[in-house]
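Visitor: give the three-dimensional model of this entry:
(one chain, ligands or ions: 3)
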Amino acid sequence: MDDCSDGHAGQALPVAAARERLSALVAPVTDTEVVALAQLPGRVLAEAVSSPIAVPGADNSAMDGYALRADDLAEDVRLEVIATIYAGHPFQGQVGPRQAVRIFTGAPVPEGADTVVMQEHVAVDPDGRIGFTRLPRPGDNIRPAGEDIPLGAEVMGPGTLLRAAEIGVLASIGHDRALVYRRPRVAVLATGDELVPPGQPLAPGQIHDSNSATLGAMLWRLGVEVVDLGRAGDDPQTLERLFRDAAARCDAIVTSGGVSVGDADHVMPTLKRIGELHLWKIAMRPGRPLAFGRIDRCWFFGLPGNPVSVMATFHQIVQPALQRMMGMAPRPPLTLRATLQGGLRKKPGRTEFSRGILGHGEDGRLVVASAGRQGSGILSSMIRANCFIVVPQDSGSLEDGAEVDVQPFDGFVW
Ligand SMILES: Nc1nc2c(c(=O)[nH]1)N[C@H]1C(S)=C(S)[C@@H](COP(=O)(O)OP(=O)(O)OC[C@H]3O[C@@H](n4cnc5c(N)ncnc54)[C@H](O)[C@@H]3O)O[C@H]1N2
Ligand code: MOO
Ligand SMILES: [Mg+2]
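Guide: Numbering: from 1, shown residues only. Ligands and ions are numbered 1, 2, ... in the order given. From the prediction side, this is the model:
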């Protein structure tokens with residue numbers, strides 16, 4: 001059965017269309033809060049930030065050496081050293097003709113001087129005067145005021161994901177906090193009568209719930225607030241109660257399992273009954289029977305139960321939508337072209353995200369090979385893989401040597 005009887009979603013939607021539908025519906029969380037620097041990694045900036053200062057604030061030395069006047073650059077000249085300047089200790093005086101100052105990296109260049117010679121290129125006479133063993137060019141080794149950030153420059157805009165570099169720039173312009181969007185609160189629920197939490201023994205027919213752990217890790221890496229709802233059995237009443245509770249206090253719910261067409265698959269009908277179903281089934285493999293909708297103001301992502309389907313649908317569908325909720329500017333996944341080694345079996349009909357191992361061939365070109373068996377229950381192969389090989393929906397099997405798109409796991413969520 002490939003139909004969704006409410007008419008919202010008939011055939012499985014192509015991946016690009018599913019992404020478009022989600023991004024048209026899901027809006028950023030609008031609440032903001034002020035957060036201190038140490039808590040900023042992974043947060044999203046909610047305002048434009050301009051620099052109240054120039055960075056650096058003054059011309060300063062890039063080397064340990066001597067600051068002097070370019071006019072005095074000559075082989076046979078001798079300069080009198082009139083002061084020593086350390087970083088943090090500006091010199092108030094002037095450097096006149098035939099004068100130099102001893103200067104260290106980061107120290108402000110005094111008035112009159114316009115060139116720094118590194119100390120390795122200087123000979124010091126017994127009387128303390130200096131000459132050159134190698135002549136610098138005029139202006140050498142001076143970092144001009146504002147060379148990193150001019151006074152008043154806008155350094156980043158709203159929607160910027162704050163990583164180490166962004167947080168460092170905020171610090172460099174003197175900000176010890178930033179206005180950021182509130183982190184979306186995302187509930188995680190694993191469904192299935194067979195599920196037992198890790199740490200407890202298995203009875204016959206049971207399996208450990210790995211999806212909660214995988215989803216928790218991916219959501220943590222993404223930077224949302226995770227609410228772990230644990231596990232629910234395949235019972236519509238229980239699901240309804242948990243969905244309603246989560247919808248009342250979360251911005252999104254991510255479930256796994258029970259979303260296909262089996263008699264114990266109650267997630268999609270429950271969502272339809274108590275909320276809105278916007279989309280069911282995406283033409284992707286793994287991950288076809290994904291259900292997306294909302295309950296009141298809470299977005300709902302019903303992911304398939306198979307562990308690799310969870311990771312693939314999270315990467316392709318859930319993550320971009322949550323990034324949008326986080327207020328982030330869209331970041332399409334990095335896609336590279338590589339030469340396939342060894343071929344790939346595929347039937348036309350769904351875009352396939354095959355686990356691949358990407359590297360360089362002998363001629364230096366990018367090559368990719370299958371990470372092994374591609375069953376959607378084979379989670380351990382995600383450890384070996386370092387990319388998805390993206391095989392288009394209408395494509396059949398690919399031969400050895402075919403050119404393919406690959407999406408490297410970017411270290412952000414994986
Ligand atoms: N007749 C059809 N059967 C199936 C179809 C179909 O189109 N027609 N689609 C298949 C595809 S594709 C997928 S994907 C799965 C999705 O099934 P569900 O979302 O209903 O997931 P479950 O049936 O609950 O579980 C599938 C599989 O995953 C294991 N699982 C579930 N939860 C967890 C967990 N938290 N941790 C680890 N493993 C979990 C579960 O035991 C099952 O083995 O449906 C196909 N069937
Ligand atoms: O869509 Mo499913 O994840 O192929 O087994
Ligand atoms: Mg099922």
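
Visitor: what about residue 357, how many residues close to it?
Guide: 18 (other C-beta atoms under 10 Å). Bear in mind the C-beta positions are built from the backbone N, C-alpha and C, glycine included.

Visitor: can you list the strands that the lengthiest strand in the chain pairs with?
Guide: Here the longest strand in the chain is taken by residue count, with DSSP state E as the criterion, and it is strand 351-360. Paired strands of strand 351-360, with direction, are strand 284-285 (parallel), strand 366-370 (antiparallel), strand 387-391 (antiparallel) (DSSP bridges).

Visitor: what's the neighbour count on the closest residue to ligand 3 within the stretch 301-414 of the chain?
Guide: Using C-beta to the ion, the single residue of the stretch 301-414 of the chain nearest to ligand 3 is residue 305, 6.0 Å away. Other residues near residue 305 number 25, with proximity taken as other C-beta under 10 Å.

Visitor: now the nearest residue to it once chain neighbours are set aside. Its backbone dihedrals?
Guide: Setting aside the residues directly before and after it, residue 305 is nearest to residue 257 in space (C-beta to C-beta, 6 or more residues apart in numbering), at 3.1 Å. Here is the backbone geometry of residue 257 (degrees, to the nearest 10): phi 90, psi 160.

Visitor: residue 281 is in contact with residue 292, isn't it?
Guide: No. Here residue 281 does not reach residue 292: they are 10.1 Å apart, not a contact under C-beta atoms under 8 Å.

Visitor: so for those two, which sits in the more crowded spot?
Guide: Between residue 281 and residue 292, counting by other C-beta under 10 Å, residue 292 is the more crowded of the two (28 against 25).

Visitor: which SS state does that one fall under?
Guide: Secondary structure assignment for residue 292 (DSSP: H, G, I helix; E, B strand; the rest coil): strand.

Visitor: how near is the closest residue to ligand 2 within the stretch 151-300 of the chain to residue 355?
Guide: The shortest separation between the stretch 151-300 of the chain and ligand 2 is 3.0 Å, found at residue 286 (distances taken as C-beta to the nearest ligand atom). Shown here: residue 286 relative to residue 355, a distance of 10 Å by C-beta to C-beta, to the nearest Å.

Visitor: quick check: mean pLDDT of the longest strand of the chain?
Guide: Mean per-residue pLDDT for strand 351-360: 97.

Visitor: and that strand, anywhere near ligand 1?
Guide: No. Strand 351-360 is not in contact with ligand 1 by C-beta under 6 Å from any ligand atom; minimum separation 11.8 Å.

Visitor: how about that strand as CSV, C-alpha atoms only?
Guide: Output of strand 351-360 as CSV, limited to C-alpha atoms (Å, rounded to 0.1, in the frame of the first residue of the first chain):
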residue,chain,number,x,y,z
THR,A,351,16.8,7.7,-3.8
GLU,A,352,19.3,5.5,-2.1
PHE,A,353,21.6,6.6,0.6
SER,A,354,24.2,3.8,0.7
ARG,A,355,26.9,3.7,3.3
GLY,A,356,30.2,4.3,1.6
ILE,A,357,33.9,4.6,2.4
LEU,A,358,35.4,7.7,0.7
GLY,A,359,39.1,8.1,0.1
HIS,A,360,41.7,9.0,-2.5
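
Visitor: which residues touch it?
Guide: When contacts are taken as C-beta atoms under 8 Å, 6 or more residues apart in numbering, the neighbours of strand 351-360 outside the stretch itself are 14-15, 283-287, 308, 312, 315-316, 336, 338, 344, 346, 366-372, 374, 381-382, 384-393, 406-408.

Visitor: list the buried residues in stretch 47-59.
Guide: Buried residues in stretch 47-59, counted by 16 or more other C-beta atoms under 10 Å: 49, 51, 54-56, 59.

Visitor: please apply the same query to stretch 70-81.
Guide: Neighbour-count burial for stretch 70-81 flags 72-73, 77, 79, 81 (criterion: 16+ other C-beta under 10 Å).

Visitor: need those in JSON lines (columns: pLDDT and secondary structure).
Guide: Putting the buried residues of stretch 70-81 into JSON lines (pLDDT from 0 to 100; DSSP: H, G, I helix; E, B strand; the rest coil) gives the following:
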{"residue": "72", "pLDDT": "97", "secondary structure": "helix"}
{"residue": "73", "pLDDT": "96", "secondary structure": "coil"}
{"residue": "77", "pLDDT": "96", "secondary structure": "coil"}
{"residue": "79", "pLDDT": "98", "secondary structure": "strand"}
{"residue": "81", "pLDDT": "98", "secondary structure": "strand"}
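
Visitor: those: which two are farthest apart?
Guide: The most widely separated members of these, counting by C-beta to C-beta, are 73 and 81 (15.9 Å).

Visitor: re the thing from before, which neighbours do residue 286 and residue 355 share?
Guide: What both residue 286 and residue 355 touch, as defined by C-beta under 8 Å, 6+ apart, is the set residue 308.

Visitor: need the strands for the stretch 1-150 of the chain, in chain order.
Guide: Secondary structure of the stretch 1-150 of the chain (DSSP state E, counting those that start in this stretch): strands located at 32-36, 49-50, 60-61, 65-68, 80-85, 99-103, 115-118, 122-124, 130-132, 142-143.
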